[in-house]
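In: Sharing a model prediction with you, sequence too.
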Amino acid sequence: MTEYISEIKKIPHPDNLVFNILSDLGKLELLKDRLPEDKISDFMCDENSCSFSIDPVGRVSFVIEDREPNKTIKFKSKGLPFVIEAWIQLVSKSEDDTRMKLTLRADLNPFIKPMVNKPMKEGVDKISDVIASLPFDEL
């Protein structure tokens, strides 16, 4: 498996608030209008899963596989020609300082890897930036 790891991001909110928002994917429905419509469409989510269409990949789904309160949320992909596992790690530094890291592992075939390596790394970094900038106290 190929691993992509984001930089550690600082989130200016308590870890329990961050965890409660990120571990309930249904709350992402409130952010639907912030998604880039030219890249992501047909976004749907519920408490344990989210799915969307990405051109030219098609429909992609992620399901929460495990939750460790205030520490870890693990996801697994559905509907892709290869398996993606992702997890968000949270560490509380103080009352309003939670550190977050996103890790993604993909079971890429050797022919696909050179084509998707850079977009996958950029995607992990972009997603971690978006997560860190969420208005947690408004969700």
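Out: On my side now, so go ahead.
In: Would you map the helices across this structure?
Out: 15-22, 113-132 (DSSP state H).
In: Would you mind listing the buried residues in the longest one?
Out: Judged by neighbour count (16 or more other Cβ atoms under 10 Å), helix 113-132 contains these buried residues: 120, 123, 124, 125, 128, 131, 132. The way it works is simple: take the backbone N, C-alpha and C, and place the C-beta from them, glycine included.
In: Need the max-distance pair from those residues.
Out: Using Cβ to Cβ, the two most remote members of the buried residues of helix 113-132 are 120 and 132, lying 18.8 Å apart.
In: what bridges to residue 63?
Out: When bridges are called by DSSP bridges, residue 63 pairs up with residue 49, residue 76.
In: neighbours around it, how many?
Out: Residue 63 has 14 neighbours, counted by other Cβ atoms under 10 Å.
In: distance of it from residue 89?
Out: For residue 63, the distance to residue 89 equals 18 Å [Cβ to Cβ, to the nearest Å].
In: same question, residue 28
Out: 19 Å.
In: Comparing these two, which residue is more hemmed in?
Out: Using other Cβ under 10 Å, the more surrounded residue of residue 28 and residue 89 is residue 28, with 20 against 17.
In: Residue 50: which of the buried residues of helix 113-132 is nearest?
Out: Distances from residue 50 to these, taken by Cβ to Cβ, are shortest for residue 131, at 13.1 Å.
In: ok, the closest one - contacts?
Out: Going by Cβ atoms under 8 Å, 6 or more residues apart in numbering, residue 131 touches 9, 11, 22, 88, 100, 102.
In: Got the confidence number for it?
Out: Looking at residue 131, its pLDDT is 89.
In: May I ask you to confirm that residue 97 is in contact with residue 18?
Out: No. Applying Cβ atoms under 8 Å, one finds residue 97 not in contact with residue 18, separated by 10.5 Å.
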